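1. return atomic coordinates for the entry below.
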Amino acid sequence: MRFSGVESKARLVMALFVVALLLTIGLSLTLYSQARRELANQRVRQMELEASLLVSRLSDKQTENSSNHLKQQLERSHISATVALFSVDRKLIALASTTDRMPDVQALSPKVVFSDAVLSKEDTGTDPPTTVHFRNEAGFEIVETLAQGSTALVLARPVSEASSPIIFYVASYQVIALILGIGLVFLLVRWLLRPYRRMVEAARGSPVRASSAMSESEFVVETFQALVEQLKAKERELAHLHETERNRAERSEHFSERLIANMPSGLVAIDAAGTVTSANARAIEIFSLAETSQLSTVAPPFDGKLQALSIDYRVLFESAPKMAEMIARCLSDGISFRREEVEVIAPDGRLRHIGLSVSPIGHTPNSQEGALCLMTDLTEVIELRERMKLQESLANLGEMAAGLAHEFKNSLATIQGYVQLLDAQIEPADANDDRRQSLDATLNEVRLLARLITDFLNFARPQQLNLSRINLRSIIEDCAGEIGARISQAGIELRIKGNFADFEGDESMLRRAFVNLMRNAVEAIDSQAPDKLIEVTGTIVNSTGRRYAHVRIRDTGSGISPEDMHRIFIPFYTTKSRGYGIGLAIVQKIIVAHGGNVTVESSDSSGTIFDCRLPLLWPSQPVEQK
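-> Numbers count the residues shown, from 1 in each chain. You can find the predicted model right below:
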């Protein structure tokens, strides 16, 4: 393979460049010499014209042509030179100069003009015509011509520059330029060929093997084509790796999105304008967006991804003003809130306790791009804490009151024994006297107190649940039958509807709890009310991954006053003229003992709704409504 073709061509180009440069130098020297000759001829013609001008201004009388007169003529004509006037016998008549340098008289003496004039007069017999002669002598350019009255005028001017050194300098400059040009061309060729040499050296290390007839250009092209094929193969491999990495990133992104969407805590993202950009399933469930008609259009069914709501945060958190206030401060001032507790009123009217953390979103503390809200439903935790506190209070109260109640019961038993003994001593003939009536009244009060103490002991004493598989509808129907006489006597309508679950519970204790609630409902309805109704509704609800059985007892009574609402479950607190205030406390203790809670959903002039929520420990089939 021939690897010298390009370098040979480069050397040929460099040789052609040198030849061209030499020709350029020769041509420039020739043009310079010609220009110098033309310039010298112009100076000669100028001096001849100046000499003729001075001749024309001289006087015919030699006595008037003095040196001062000559100098005045030089200055008047603005001629910088030395002028001399000679007689025909070559004697100096006048001399003047306007330059710093003057030639000697011998150099100024006319050499040719008188000889030409004499010869011409001898040949023709008349005065010769005016002629001008130029010569260089003693470093001066000298012009001589005939003047008025057989005199000769000589004009001399110093030579301005020497021609030989100038030519030497120009030639030296051209030679130096030639050497520098050759060097620059050599360096330029080497610089231009450096990538090509590298490419050829790199091509030698490629898998392509060159033949002896292959030129270096063909070898480089073939090597380049082989490299292009390899690059294409690498590009396909890189594209495959990129696709694999992109799929992995998408899977990771989808996993992260599903992780956030399905996390047990609620997550809401808000931009700087206050618009809710996304929310996960738990946040939607906490605020019951799917059940709210106002927001049903912006909360699509959950599909395992973050939901884009595009609504104002004040609309979303309308049921939680404190939460909206914290978000507003976070967006405006960049304030973070950690582990705050707020209350939210659910669409079903229930009060929910939410643990909230709000953090600003931004690259720097001064740039607010939005806010991130992380929330957890603490309702069950707080209810459990309240139940535990209640159980602890009840246990302490039971330990304290059990002894007192026991002593009271013993004393009442003694009193009842003495009253019965006195009653036995009264003769039958005196059955209507006052003493007999007083003893009967005393005995009734003793029995009433004994029953009260028994109820209090049952309330205060820790009881072990006797669990069995029970049906809530059957218990409700049994309770309705137990107080059926009072319901019929009061003219009240009783409705039982909905789905009632089967679960593990203490049947006797639950019957007692529901009997107390239904008895309170009967007593709350005024006998003169136009609408007398008690409605018992059963539902099964899935909440936070657990299932609950709800039993709601609604009456059309006069309701509970707001100031009494928070004290109705306190033992011995009552607003009835004949009551002890122990019934609702017993109901709460029984429901709490089953792991549930009892609350007042609503109470106003139209009636009261008590909600008993009982957890289902395993899936159960609802009882069909009859």
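
2. where along the stretch 151-300 of the chain do the helices fall?
-> Assigned by DSSP state H, counting those that start in this stretch, the stretch 151-300 of the chain shows helices spanning 163-204, 216-261, 281-286.

3. ditto for the stretch 451-600 of the chain
-> For the stretch 451-600 of the chain, applying DSSP H, counting those that start in this stretch gives helices covering 472-482, 484-490, 507-524, 562-565, 583-593.

4. and these: which comes nearest residue 268?
-> Evaluated over these, closeness to residue 268 peaks at helix 562-565, with 31.8 Å, by C-beta to C-beta. C-beta: built from backbone N, CA, C; applies to glycine.

5. re earlier: just the helices of the stretch 151-300 of the chain: most buried one?
-> Counting by mean count of other C-beta atoms under 10 Å, helix 281-286 has the highest mean neighbour count of these, with a mean of 22.

6. let me see the mean pLDDT of that one.
-> The pLDDT scores in helix 281-286 average 76.

7. which helices and strands sit right next to the next helix or strand after it?
-> On the C-terminal side of helix 281-286, the closest following helix or strand by DSSP states H and E is strand 311-312. Applying 3 or more C-beta pairs under 8 Å, 6 or more residues apart in numbering; DSSP states H and E, we find strand 311-312 packed against strand 275-279.

8. next, the buried residues of the strand it packs on.
-> Neighbour counts over strand 275-279 (16 or more other C-beta atoms under 10 Å) mark 276-279 as buried.

9. pick the most deeply packed of the helices of the stretch 451-600 of the chain.
-> Neighbour counts (mean count of other C-beta under 10 Å) averaged over each of those peak at helix 583-593, with a mean of 22.

10. direction-wise, compare it with helix 507-524 and give the angle.
-> With axes from the mean of the first three to the mean of the last three C-alpha atoms, to 10 degrees as the basis, helix 583-593 and helix 507-524 are set at 140 degrees to each other.

11. residues making contact with stretch 317-327?
-> For stretch 317-327, contacts defined as C-beta atoms under 8 Å, 6 or more residues apart in numbering pick out 270, 287, 313-314, 337, 340, 342-347, 354, 356, 358, 371, 373.

12. likewise for stretch 335-352?
-> 286-288, 291-292, 319-320, 322-323, 326, 329-330, 353-360, 377-379, 599, 601-602, 611.

13. about what we covered before: weed out the non-buried ones from the contacts of stretch 317-327.
-> Buried members of those, scored by 16+ other C-beta under 10 Å, are 270, 287, 313, 337, 342, 344, 354, 356, 358, 371, 373.

14. need the contact list for the first one.
-> Going back to what we said before, that points to residue 270. Counted by C-beta under 8 Å, 6+ apart, residue 270 has contacts 276-277, 313, 327, 331, 370-373.

15. please identify the nearest residue in space to it, excluding sequence neighbours.
-> residue 371 (4.7 Å; C-beta to C-beta, 6 or more residues apart in numbering).

16. what about residue 506, neighbour count?
-> 19 (other C-beta atoms under 10 Å).

17. how about the strands in the stretch 1-150 of the chain?
-> Assigned by DSSP state E, counting those that start in this stretch, the strands in the stretch 1-150 of the chain fall at 82-86, 92-97, 132-137, 140-146.

18. got JSON lines for the ones you listed, with mean neighbour count too?
-> Output for these, formatted as JSON lines (neighbours: other C-beta atoms under 10 Å):
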{"stretch": "strand 82-86", "mean neighbour count": "25"}
{"stretch": "strand 92-97", "mean neighbour count": "18"}
{"stretch": "strand 132-137", "mean neighbour count": "16"}
{"stretch": "strand 140-146", "mean neighbour count": "23"}
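
19. mind giving me the PyMOL select for the contacts of stretch 335-352, buried ones only?
-> Applying 16+ other C-beta under 10 Å to these, the buried members can be selected in PyMOL as follows:
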select buried, resi 286+287+288+292+319+320+323+326+329+330+353+354+355+356+357+358+359+360+377+378+379+611
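
20. now the strands of the stretch 1-150 of the chain in a markdown table, with distance to residue 256 and mean pLDDT?
-> Listed next are the strands of the stretch 1-150 of the chain as a markdown table, based on distance: least, C-beta to C-beta, whole Å; pLDDT from 0 to 100:
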| stretch | distance to residue 256 | mean pLDDT |
| --- | --- | --- |
| strand 82-86 | 106 | 88 |
| strand 92-97 | 106 | 86 |
| strand 132-137 | 102 | 84 |
| strand 140-146 | 101 | 87 |
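
21. got the ones you listed as CSV, with distance to residue 589 columns?
-> Converted to CSV, these look like this (distance: least, C-beta to C-beta, whole Å):
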stretch, distance to residue 589
strand 82-86, 146
strand 92-97, 146
strand 132-137, 145
strand 140-146, 143
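
22. so residue 375 makes contact with residue 286?
-> Yes - here residue 375 reaches residue 286: they are 6.3 Å apart, a contact under C-beta atoms under 8 Å.

23. name the residues contacting each of these two.
-> 266, 354.

24. what's the longest helix belonging to the chain packed up against?
-> Counting by DSSP state H, the longest helix found in the chain is helix 5-57. Under the contact criterion of 3+ C-beta pairs under 8 Å, 6+ apart, helix 5-57 touches helix 67-77, strand 132-137, strand 140-146, strand 152-158, helix 163-204, helix 216-261.

25. hmm, back to that, rank the helices of the stretch 451-600 of the chain by pLDDT, which is bottom?
-> When the helices of the stretch 451-600 of the chain are compared by mean pLDDT, helix 562-565 comes last with a mean of 78.

26. what is that one packed up against?
-> Helices and strands touching helix 562-565, by 3+ C-beta pairs under 8 Å, 6+ apart: there are none.

27. how far off centre is it?
-> On the basis of C-alpha atoms, centre = their mean, to the nearest Å, helix 562-565 sits 52 Å off its chain's mean C-alpha point.

28. how about it as CSV, C-alpha atoms only?
-> C-alpha atoms of helix 562-565 as CSV (Å, rounded to 0.1, in the frame of the first residue of the first chain):
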residue,chain,number,x,y,z
PRO,A,562,-75.7,22.1,73.5
GLU,A,563,-74.6,22.8,77.1
ASP,A,564,-75.6,19.2,78.2
MET,A,565,-74.1,17.5,75.1
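
29. renumber starting at 39 from here on
-> Sounds good: first residue 39 from here, last item helix 600-603.

30. flag the shaky bits of the stretch 239-388 of the chain, pLDDT-wise.
-> Low-confidence segments of the stretch 239-388 of the chain (pLDDT under 70): 239-257, 299-300, 326-346, 385-388.

31. still on that earlier bit, mean confidence for the longest helix of the chain?
-> 79.

32. out of the buried residues of strand 313-317, which two are the most distant from each other?
-> Spatial extent of those (C-beta to C-beta) is set by the pair 315 and 317 at 8.5 Å.

33. now the common contact residues for those two.
-> Taking C-beta under 8 Å, 6+ apart as the criterion, residue 315 and residue 317 both touch 307, 347.
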